[in-house]
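K.L.:
need a structure here:
(chains A, B and C)
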Amino acid sequence: MFYRENGQFKTNYKADQQIFAITQDRWAVLALIAFAFIGVPMMVDEYLFRAILIPFLILALAAVGLNILVGYCGQLSLGSGAFMAIGAYGAYNFIMRIEGMPLILALLLGGVCATIAGIVFGIPSLRVRGLYLAVATLAAQFFWDWAFLRIGWFTIYTPSGSVAVSNLQVFGWTINSPVEKYWFCLGFLTVFALLAKNLVRSAIGRNWMAIRDMDVAAAVIGIQPLYAKLSAFAVSSFIIGVAGGLWGFVHLGGWEPAAFDIQRSFQLLFMVIIGGMGSIMGSMFGAAFIVALPIFLNQALPVVGSWVGVTISTAGIAHAEFMIFGALIVWFLIVEPHGLARLWSIGKQKMRIWPFPH
Amino acid sequence: MAFFLETLLGGLMAGMLYSLVALGFVLIFKASGVFNFAQGAMVLFAALAMARFSEWLPQWLGFDNLLLANVLAFLIAGILMFGIAWLVERLVLRHLVNQDGATLLMATLGITYFIDGLGQSLFGSDIYQINIGMPKEPVFLLDSVFEGGLMVNLEDVYAAIIAASLVILLTIFFNKTITGRALRAVADDHQAAQSVGIPLNHIWVVVWCVAGLVALVAGMIWGSKMGVQFSLSTVALRALPVIILGGLTSVPGAIIGGLIIGVGEKLSEVFLGGYVGGGIEIWFAYMLALVVLMFRPQGLFGEKIIDRV
Amino acid sequence: MAKREIGDVILDVENISLRFGGVNALSDISFDVREHEVRAIIGPNGAGKSSMLNCINGVYQPQEGQISFRGNTFKHMNSRQVAEMGIARTFQNLALFKGMSVIDNIMTGRNLRIKSNIFLQALRIGPAEREESEHREYVEQIIDFLEIQAHRKTPVGQLPYGLQKRVDLGRALAMEPQVLLLDEPMAGMNMEEKQDMSRFILDVNEEFGSTIVLIEHDMGVVMDISDRVVVLDYGKKIGDGTPEEVRANEDVISAYLGTSH
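P.N.:
Residues are numbered from 1 along each chain as shown, chains lettered A, B, ... in the order given. As a prediction, the model looks like this:
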């Protein structure tokens, strides 16, 4: 009843093709963005920013990037942690070695470094796919794990690859408090999500999906697999690299290579799977889910444990987390391979015909 | 020269262990077309089970014989692995029959996390010992030819013998038994196998059981050598390049690939590592696999991958 | 029959041989296709018909022979080159992009004509936006032509087979092809659907002026709509001519058509 499209007629293709075609959707999203920028800071305390919101924003950004590669273009990648690392260390080098380098530019340049690496390590995708490609991306992961640990030049010769940054400034405004960090990350996420959404609904996005669905047929139409696959790697790595820079600079403040290890790669992949492959919004759902789950388990499991008279240690919670993650991944793949995003759109579908059942 | 030979031998031995783990991968892939990322987690789980039960059984049942404890622990661990195999088939594989390889791969990724968590909840997350009576002292061979002799770990030699026996047993199983033939049929074409009456579900349980057994043997040997700890599950990640090199569908490929990777890693670490700061072992294997992928994706012995339009 | 006047030879296949290991898929095949005609390729299963199209298309590289298009000769066709030259095709097994909607599938056919680069597309301003709308308009015309308006936003994987075949055709049409290769466009269709598809094919030939090369098993359709026919059997050419000539050809009858007893 409330969600009807009655009376919303599109009179030109531009209107039909826009991102949120249903008026209610547009209002809802604008309201959500306004709430995110203005409302949330008024309601939320520091801990929530640091522990949930900021990690969520940054990882959602990375998940958007990974989704472009895995979900839209169908190229399996287990090396995204390495690209986050390249973005972070790249930005670090630019800011440390060049006097007066602005923060945003450094982060973007870090992304460019990741792009170049992404294109290079994406070359195997021209020869192999699926599991074999996953192994190739693991090569990237392990290589860069080692490189940032052992090659002193990358870390400007600090011991053990640990680096730290401080005094983040944008146009003279210092980013210090959790709220400011939150706004900074939120800004990045909003802008990049919009750009990504534009890409996936344009010709390049269609080409990516064509390669994913049937790359031989795609070649026959005149889509160049080389350009499509490498552009997917490039765009994806850029976004992931920028996210890596944000993670290191804004969230952690200081990091060592282990912050971007293979567990991180798996985490991002899980976000994409659970959130929904081939969906920008899904990436955000997935990120929210995976960031919130450990916190939720931390609170809920001891309570559940006390009901059955079992005390669960912190280690026990960590183990339970593993098991629940694993089970959820399998569950999603079996029941709803299109993830939370599909559940969301099914929900919206039901909303459209509410109060009728069908 | 002696040092080179020692490193070579050490590499061969390490490679043998990789081959064992890779074997589990190849078996499951050959028989069900599924790439089981969880193999490493299975190795760890099996090793944990065996380590803990060999500790607990004497306590619970009040006897003192090490051999008996080990044998019983091995059996119980084996049964647990069969249980896991059955559960995986029932709860996961059955529902994902016609999905593509990437989906199945990701499902096994989920299974990995689950088994990791389960193993640690049940058995704890410290470092445990498996003591199957392997000799720990190195011996020195050929001291007539090389001064002081070549240092060789007898434990590694025994491990290699066990691994080789396992491979021979499995090869016989695959080629000479009815079940083995059925397994190969299923690997080739699920639907065709079904249409001649081969029960897919049973076959998959059998395969995962066999892989579980292989994981147990691998876990036992690795655990005896380095202690049972969480890092053991990452051994799966070390075995992936082995399979790429040898070919995903080839048992001899897993063996030879393992040896090559083992030797390559050790040699590169010892002779090249010094120049670039050390620690290149792990990515060396992957880079080698990457190069192989570019020029010969099916590996040394695998079957060529063909796409039809 | 094509109402347009049949022109000169536009596509010339000369001495094509294709081998897979020990199997001779095609042996020394030569035939030509004239502009604006409807040329059928028929033959038993396994005769090499799809392989022939795949060679023209650049999917397979023949070991011997060459293919000429509008006087330009190629030993090896490259898929993208072929698409750029204006040769499009449909597939026996559909090969549609199951994850995308009908509109998006057909839009992929416009890919070669989209000029804006990745940065403009990301920003979706000015030229990029205009281009999208222009191509969308062309695609909507194709959707009108194929009468699939009601399904335009449905994911292609959810459509019934007959409609999927139309989308496949639509995608090829979106390339504005000079030569259209159709691989068993009527496979799996009932009588009505075949009539619809035949009408579409003839309309494409008449209105768009495309030359049609079609593989088809339904003899009634072949005899009705084609101008000339090539017959393949075990990778060799055993007949070439008008439908009437081919129908009377002894070799063709014994290999494929059979006689009534």
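
K.L.:
what number of residues lie near the residue nearest to residue C:233 when sequence neighbours are not counted?
P.N.:
Counting by C-beta to C-beta, 6 or more residues apart in numbering or on different chains, the nearest residue to residue C:233 once its immediate chain neighbours are dropped is residue C:255, at 4.5 Å. Every residue, glycine included, has its C-beta placed from N, CA and C. As a burial measure, residue C:255 scores 19 neighbours (other C-beta atoms under 10 Å in any protein chain shown).

K.L.:
so when I look at residue C:255, I'm seeing a helix, right?
P.N.:
Yes. If the criterion is DSSP: H, G, I helix; E, B strand; the rest coil, then residue C:255 is within a helix.

K.L.:
wait, doesn't it sit right on residue C:238?
P.N.:
Yes. Counting by C-beta atoms under 8 Å, residue C:255 does reach residue C:238; the two are 6.0 Å apart.

K.L.:
what touches both of these two?
P.N.:
By the contact definition C-beta atoms under 8 Å, 6 or more residues apart in numbering or on different chains, residue C:255 and residue C:238 are jointly contacted by C:43, C:231.

K.L.:
Apart from its chain neighbours, what residue comes closest to whichever residue of chain C sits closest to chain A?
P.N.:
Going by C-beta to the nearest C-beta, chain A is nearest to residue C:83 of chain C, at 3.3 Å. The spatially closest residue to residue C:83, leaving aside those adjacent along the chain, is residue A:222, at 3.3 Å (C-beta to C-beta, 6+ apart).

K.L.:
ok, now residue A:312?
P.N.:
Nearest to residue A:312 is residue A:305, by C-beta to C-beta, 6+ apart, at 4.2 Å.

K.L.:
Please, which helix or strand holds the one you found?
P.N.:
helix A:280-307 (DSSP states H and E).

K.L.:
and the one residue sitting closest to the centre of chain A, what does it touch?
P.N.:
Geometric centre of chain A, nearest residue: residue A:63, 1.8 Å, by C-alpha atoms, centre = their mean. When contacts are counted by C-beta under 8 Å, 6+ apart, residue A:63 is found next to A:268, A:271-272, A:275, A:283-284, A:286-287.

K.L.:
hmm, back to that, check the gap between the residue nearest to residue C:233 and residue C:232 for me.
P.N.:
Distance from residue C:255 to residue C:232, counting by C-beta to C-beta, to the nearest Å: 9 Å.

K.L.:
Name the residues contacting each of the two.
P.N.:
C:43, C:238.

K.L.:
now the one helix or strand residue C:27 maps to: mean pLDDT?
P.N.:
Using DSSP H and E, residue C:27 sits within strand C:23-34. Average pLDDT, strand C:23-34: 90.

K.L.:
Next: stretch A:71-85.
P.N.:
Mean predicted lDDT for stretch A:71-85 stands at 93.

K.L.:
what's next to the lengthiest helix in chain C, contact-wise?
P.N.:
Within chain C, and with DSSP state H defining each element, the longest helix by residue count is helix C:126-145. The contact list for helix C:126-145, computed with C-beta under 8 Å, 6+ apart, reads A:12-14, A:16-17, A:202-203, C:102-103, C:106-107, C:109-110, C:113-116, C:120-121, C:149, C:152, C:170, C:173-174, C:200, C:203.

K.L.:
ok, which stretches of chain C are strands?
P.N.:
Along chain C, counting by DSSP state E, strands occupy C:9-20, C:23-34, C:38-42, C:64-69, C:72-74, C:87-89, C:179-183, C:211-215, C:228-233, C:236-241.

K.L.:
Kindly report the same for chain B.
P.N.:
B:138-141, B:150-153.

K.L.:
Partner strands of the first one and their direction?
P.N.:
This points to strand B:138-141. Sheet pairing of strand B:138-141 (DSSP bridges) gives strand B:150-153 (antiparallel).

K.L.:
can you give me the offset of the partner strand from its chain's centre?
P.N.:
Relative to the centre of its chain, strand B:150-153 is centred 24 Å away, using C-alpha atoms, centre = their mean, to the nearest Å.

K.L.:
can you give me the mean pLDDT across that strand?
P.N.:
Regarding strand B:150-153, the rounded mean pLDDT is 71.

K.L.:
Please apply the same query to stretch C:210-222.
P.N.:
Here stretch C:210-222 scores 89 as its mean pLDDT.

K.L.:
Ok, stretch A:38-51 next?
P.N.:
For stretch A:38-51, the per-residue pLDDT averages 81.

K.L.:
In that stretch, which of the residues would be classed as buried?
P.N.:
Neighbour-count burial for stretch A:38-51 flags A:40-41, A:49 (criterion: 16 or more other C-beta atoms under 10 Å in any protein chain shown).

K.L.:
Okay, and which of the residues you listed map to helices?
P.N.:
Per DSSP H, the buried residues of stretch A:38-51 map to helices at A:40-41.

K.L.:
quick one: low-confidence parts of the stretch 151-261 of chain C?
P.N.:
Across the stretch 151-261 of chain C, residues meeting the criterion (pLDDT under 70) sit at C:258-261.

K.L.:
what are the ranges of the helices in chain B?
P.N.:
Under the criterion DSSP H, chain B contains helices at B:2-32, B:39-61, B:66-91, B:101-123, B:154-176, B:178-188, B:190-195, B:200-226, B:235-246, B:251-267, B:273-276, B:281-295.

K.L.:
Just the buried residues of the third one, please?
P.N.:
Residues B:69-70, B:72-74, B:76-78, B:80-82, B:84-86, B:88-89 are the ones in helix B:66-91 that count as buried (16+ other C-beta under 10 Å).
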